[in-house]
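> sequence unavailable; structure follows:
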RNA sequence: GGAGAGUUGACAGAGCGGCCGAAUGUACUGGUCUUGAAAACCAGCGUAGGUUUAUCCCUACCCAGGGUUCGAAUCCCUGACUCUCCGCCA
């Protein structure tokens, strides 16, 4: 019932939104118009079937409707001008008025038809995912992701390592029952040293990115409107993943990517302002609809979690290099926390809707004896920028052109907490605090015992 | 929450229902002048769509959406946002 509420709301939102922004388009409209076959082929790589026949007929309708509406407009404008002149020179304008009696209605009808076609085109366009970059490997699911590199050696324990839930219980300070009482499942209540460790991780990450990697710290709203969510690509397709605020157009952010990237929505940056590099620490809220039964134990998959997010807005020619750099910035955190991890490139089937290329960083979890995602670093190229109308003035052309946007987790704090707990536990159930965090923990060397 | 004022180009800021895509100033770009710079002077300077080889031309956009009108930046309605005052509040 909780879900159905925002499903309804979502429908209303899309209806009202579509009407005043019919020009929304997520792929390059020139590609769709001039080379629809090529667009179809590129999208087919992702398994997306572009309905070429529909697109073509809509496109033809659009052209017709647009030129009809335009010529009627021209007609009306020139007639109206004549009436103005006639009136000014004191002539009788009644016959002129009679001549164009039905022009207004015709024009209105043409405009309505145009609006309808544009709406249909927008509906199609908004559902199209981004086109993957050429070096993104083919594949259907996460099993086809390609490992790029590994860092660190998974520790071999002389005892059976506990998972973070058991560790948290014995240390006391990680309480899922209480959180469920206060709220519902998939929330946690942290207390004492573990709560402090959680905070320390956040502070450490923020300091690292601002002081060593050149990011500007930013504080943003945690409730965002639907325009912002459309801009970064969470809407219209993924409404069910979001928590919506009843009777408003606001949603809890699923990631800081949304408010931070939307800083540049509808702006034209100067060449000098780029690259823009922001880091933000925010809570993230996700309904996790459709993930019932998955990762039900512990901190892995929560409705609310903290994340330190990196966002970059760059010139198009710089986005590949920025993507590599941003990923390294996230990797640095794992290295300093002495957490073994691997870097994988997502295959096409696992690639997010808006992304052209994504690296995931997966941290080693001794309890699961496997690598689990802790950061996702994506290059969106101009996909978000087009929806956001985020541009820069290219000095070579002196025209506003779309920027490229990127983001990555640096890192997901909850998952980092559990990774630190599990990787740095000892036989007595204590957690050894990595060197890099000690100053944030008042010099403390371990928790527990 | 109540009362009032406002929203115009990169910025500041004019604008009578038709001659307003929009004065003027600043900024910016190019030029003249200068040894160079500044100043001064001249010219240019929004976005998107249609047509076009290109130029031209046409259309839309003065917060958003709707309405009145032959014709709207200008009049009316709704909403968003900003400012001032009152109330409440961390």
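Looks like it came in fine. Everything numeric here is computed off the predicted structure, so don't read it as measured data.

> going by C-alpha atoms from here, please, whenever you check contacts or count neighbours.
OK.

> what's the burial count for the closest residue to RNA strand B within the stretch 201-350 of chain A?
Nearest residue of the stretch 201-350 of chain A to RNA strand B (C-alpha to the nearest atom of the strand) works out as residue A:268 at 7.4 Å. The number of residues packed near residue A:268 is 19, by other C-alpha atoms under 10 Å.

> ok now do it, which residues does it touch?
For residue A:268, the contact set (C-alpha atoms under 8 Å, 6 or more residues apart in numbering) comprises A:390-393, A:400.

> and RNA strand B, which of those residues contact it?
residue A:400 (C-alpha under 7 Å from any atom of the strand).

> need the max-distance pair from the contacts of residue A:268.
Maximum pairwise distance among the contacts of residue A:268 (C-alpha to C-alpha): 10.5 Å, between A:390 and A:393.

> so between those two, which is more surrounded?
A count of neighbours by other C-alpha under 10 Å puts residue A:390 above the other of residue A:390 and residue A:393, at 26 against 18.

> so which bits of the lengthiest helix in chain A are buried?
Longest helix in chain A, counting residues (DSSP state H): helix A:52-88. Across helix A:52-88, burial judged by 16 or more other C-alpha atoms under 10 Å covers A:55, A:58-59, A:62, A:65-66, A:68-69, A:72-73, A:76, A:79, A:83.

> do stretch A:182-192 as well
A:186-188, A:190.

> other residues contacting that stretch?
So stretch A:182-192 is contacted by A:172-180, A:296, A:299, A:301-304 (C-alpha under 8 Å, 6+ apart).

> excluding its backbone neighbours, what's nearest the residue of the stretch 251-400 of chain A found nearest RNA strand B?
Using C-alpha to the nearest atom of the strand, residue A:399 is the residue of the stretch 251-400 of chain A that sits closest to RNA strand B, at 4.4 Å. Closest residue to residue A:399 apart from its sequence neighbours, by C-alpha to C-alpha, 6 or more residues apart in numbering: residue A:393 at 5.4 Å.

> likewise residue A:432?
Nearest one to residue A:432, counting by C-alpha to C-alpha, 6+ apart, is residue A:446 at 4.2 Å.

> in which helix or strand would I find residue A:319?
helix A:319-336 (DSSP states H and E).

> partners of the next helix-or-strand element following that helix in the sheet?
Sequence order places strand A:341-345 as the next helix or strand after helix A:319-336, per DSSP H and E. Within its sheet, strand A:341-345 is paired with strand A:146-151 (antiparallel), strand A:357-365 (antiparallel), according to DSSP bridges.

> domain assignment for chain A?
Listed domain ranges for chain A are A:2-126, A:142-447 (source: automatic domain parsing).

> need these in JSON lines (columns: mean pLDDT).
Shown next, in JSON lines, are the domains of chain A (pLDDT from 0 to 100):
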{"stretch": "domain A:2-126", "mean pLDDT": "72"}
{"stretch": "domain A:142-447", "mean pLDDT": "93"}
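
> would you list every one of the helices in the stretch 251-400 of chain A?
Assigned by DSSP state H, counting those that start in this stretch, the stretch 251-400 of chain A shows helices spanning A:257-261, A:319-336, A:383-388.

> winner for burial among these?
The highest mean neighbour count among the helices of the stretch 251-400 of chain A, using mean count of other C-alpha atoms under 10 Å, belongs to helix A:383-388: a mean of 26.

> what packs against it?
helix A:226-232, strand A:404-412 (3 or more C-alpha pairs under 8 Å, 6 or more residues apart in numbering; DSSP states H and E).

> tell me the helix or strand right after the last one.
In other words, strand A:404-412. In N-to-C order, the element after strand A:404-412 by DSSP H and E is helix A:413-423.

> gap between that next one and the chain center?
Mean-position distance between helix A:413-423 and its chain equals 24 Å (C-alpha atoms, centre = their mean, to the nearest Å).

> could you do stretch A:356-371 as well?
Centre to centre, stretch against its chain (C-alpha atoms, centre = their mean), the figure for stretch A:356-371 is 20 Å.

> and what of stretch A:227-244?
Counting by C-alpha atoms, centre = their mean, stretch A:227-244 comes out at 9 Å from the chain centroid.

> also stretch A:151-169?
With C-alpha atoms, centre = their mean, you get 32 Å for stretch A:151-169.

> now the end-to-end length of that stretch.
30 Å (C-alpha to C-alpha, to the nearest Å).

> run through who's touching that stretch.
A:174-175, A:297-299, A:335, A:338-342, A:364, A:366-368, A:418-419, A:421-423, A:425, A:427, A:429.

> list the buried residues for that stretch?
For stretch A:151-169, by 16+ other C-alpha under 10 Å, it's A:154, A:161-165, A:167-168.

> repeat for stretch A:367-382
A:371-382.

> now check that stretch, is it near RNA strand B?
No: Stretch A:367-382 stays clear of RNA strand B (C-alpha under 7 Å from any atom of the strand), getting no nearer than 13.5 Å.

> where do the strands sit along the stretch 151-300 of chain A?
Here the stretch 151-300 of chain A has its strands, by DSSP state E, counting those that start in this stretch, at A:174-175, A:189-190, A:216-217, A:223-225, A:250-252, A:268-269, A:276-285.

> out of the buried residues of helix A:52-88, who's near RNA strand B?
Within the buried residues of helix A:52-88, those near RNA strand B by C-alpha under 7 Å from any atom of the strand are A:66, A:73, A:76, A:79, A:83.

> determine which two of the residues you listed are furthest apart.
A:66 and A:83 (25.6 Å).

> can you name the residue of the stretch 101-250 of chain A nearest RNA strand B?
Using C-alpha to the nearest atom of the strand, residue A:104 is the residue of the stretch 101-250 of chain A that sits closest to RNA strand B, at 5.3 Å.

> circling back to that earlier point, what would the buried residues of stretch A:151-169 look like in CSV with distance to RNA strand B?
As requested, the buried residues of stretch A:151-169 are exported to CSV (distance: C-alpha to the nearest atom of the strand, whole Å):
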residue, distance to RNA strand B
A:154, 44
A:161, 43
A:162, 41
A:163, 38
A:164, 34
A:165, 34
A:167, 36
A:168, 32
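
> I am finished for the moment; much appreciated.
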